[in-house]
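> just a sequence and a predicted model for now, questions to come.
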Amino acid sequence: MPQVSPQVERMPRSGIRKIMDAAWASGKPFVGMHVGEPDFIPPKHVLDAGSAAYLEGQTHYVSNVGIPELRAALADKLARVNRLEVTPDQIAVTASGTEALFAAYSAILTAGDEVLIPDPGWPNYTMAMEMLQCGAVPYRLEPEHDFVPQIDALDALVTERTRAILVNSPSNPLGTVYSAETLEALVRFAERHDIWLISDECYDALTFGVEHVSPAVFDTKGLVISTFSFSKTYAMTGVRVGYLVGSPELLSVVGKLQETILACVNTPAQLAAVAALTGPQDCVEEMRSAYERRRDLAVAELDRLSIPYVRPDGAFYLWIDVTELAGDLPVDDWALRLLEEERVAVAPGSTFGASGEGWVRLALAASDEEILAGIAGIGRMLAAVRADAAVASAGAASAVPAAAVGAEAASVA
């Protein structure tokens, strides 16, 4: 039998899917805090627009880079929301933010190239590098630096094969939102090394009390490639619409790639996206407010249990430190244990990179009741760990006087 592609065989499978498969295979109910999918449905005017397009038979080929009315609406949104003044010919409509990223990689990378990838960061970044036979070089986001990339550390990672740096703000899995100063410094870093900056802005509409800034506002050389999605902003994960923004020269290449990858995004989905952008936007604020409230609910519980975490300023995730809970157990094994014993599914931090060991990601795309139930399950495991530690400590303390008495008797003798 002919062999499958070796780089695809080497590609690691997402640890999130490992937890999901185990949860489904058990056949038992569980609290799902492992997948980053909104628990809302798209607004009615969005669903109506997609349904009408199907009923009207708008199901034929369209432009590789998107229908004109959607690209025009996107140019308006980018100017209004992201402060990016671009023309429609600088925008390509893609089948999700994931495909926008893959189109960007495909447009700029050759086998053997290297891309600087955040660690911790979304595991699909590294998976895509394997598919394209490129090297994913992790840049660590350290707690002591508030999980903000350090330019001197990035400089040390650049080689003659470095082709791009990938930046994700708001971050999945951390929920961190980079300041304008940090983003400008990253753009200047890319300029200095003559590399691309790929900006994953999937969660641009979901920030809590801080401003989301697009790196491209600092770009004067056309080196920033910005990618966005309708999935999180409008709860359209299954509709699969995203978009890529770049220079006209880059977009001419992306148009050719789209023909090869998928020909075009389906028309009803694009018309639903037009309705999302041009219709009432109160739904976006309602969802954003719900995620902020859930964050506050969750961190209050974690504070009560004295479980360390990173307070998120965006997206809908909580990055929590479970080193006390897991002990010497690898965090992916501990996450399976949490599922087995407490029926709570979380994403193990190690799937987001080596620096994620000892951490787990909780998705707050769940009801208040589910969030509280999930954290309560973690709290019960923590209580058991602390009770065991207290027993062990008491046993060690009671052994000290006996040893001291023995030593005293020996000295008298």
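Received it, and whenever you're ready, just let me know what you need.
> hang on, V8 in a helix?
Yes: using DSSP: H, G, I helix; E, B strand; the rest coil, the assignment for V8 is a helix.
> please begin residue numbering at 740 from this point
Taking 740 as the first residue, the last one we looked at is V747.
> what separates it from P954, distance-wise?
Using CB to CB, to the nearest Å, we find V747 at a distance of 31 Å from P954. From N, CA and C alone the C-beta is placed, and that goes for glycine too.
> what about the helices in this protein?
Using DSSP state H, the helices of the chain run over residues 745-749, 754-765, 783-794, 807-820, 836-847, 862-870, 890-896, 919-932, 987-1000, 1006-1017, 1021-1044, 1062-1065, 1070-1081, 1107-1151.
> hey, least reliable of the ones you listed by pLDDT?
For those, the bottom mean pLDDT is recorded on helix 1107-1151, which sits at a mean of 75.
> who's more crowded, V747 and P954?
Remark: of V747 and P954, P954 carries more neighbours, 24 against 11, as counted by other CB atoms under 10 Å.
> so what are the domain limits for this protein?
745-779+1021-1132, 783-1017 (automatic domain parsing).
> identify, out of the ones you listed, the most deeply packed stretch.
The highest mean neighbour count among the domains of the chain, using mean count of other CB atoms under 10 Å, belongs to domain 783-1017: a mean of 19.
> distance between the ends of it?
Using CA to CA, to the nearest Å, the end-to-end distance of domain 783-1017 comes to 13 Å.
> can you check stretch 768-786 too?
Stretch 768-786 has an end-to-end distance of 30 Å (criterion: CA to CA).
> for that stretch, the distance to its chain's centre please.
Relative to its chain's centre, stretch 768-786 lies at 16 Å (CA atoms, centre = their mean, to the nearest Å).
> just the CA trace of stretch 1042-1060, in CSV.
Presented in CSV, the C-alpha positions along stretch 1042-1060 are these (Å, rounded to 0.1, in the frame of the first residue of the first chain):
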residue,chain,number,x,y,z
ASP,A,1042,-9.9,33.0,44.4
ARG,A,1043,-12.1,31.4,47.0
LEU,A,1044,-10.3,28.0,46.4
SER,A,1045,-6.8,29.7,46.2
ILE,A,1046,-6.1,28.3,42.8
PRO,A,1047,-3.7,30.5,40.8
TYR,A,1048,-4.7,31.7,37.3
VAL,A,1049,-4.0,34.4,34.7
ARG,A,1050,-6.7,37.0,34.7
PRO,A,1051,-7.9,37.3,31.1
ASP,A,1052,-8.5,40.7,29.4
GLY,A,1053,-10.0,39.1,26.3
ALA,A,1054,-11.3,36.0,24.5
PHE,A,1055,-13.2,33.5,26.7
TYR,A,1056,-10.6,31.4,28.4
LEU,A,1057,-9.0,31.0,31.8
TRP,A,1058,-5.4,29.7,32.1
ILE,A,1059,-5.1,28.1,35.5
ASP,A,1060,-2.1,26.7,37.3
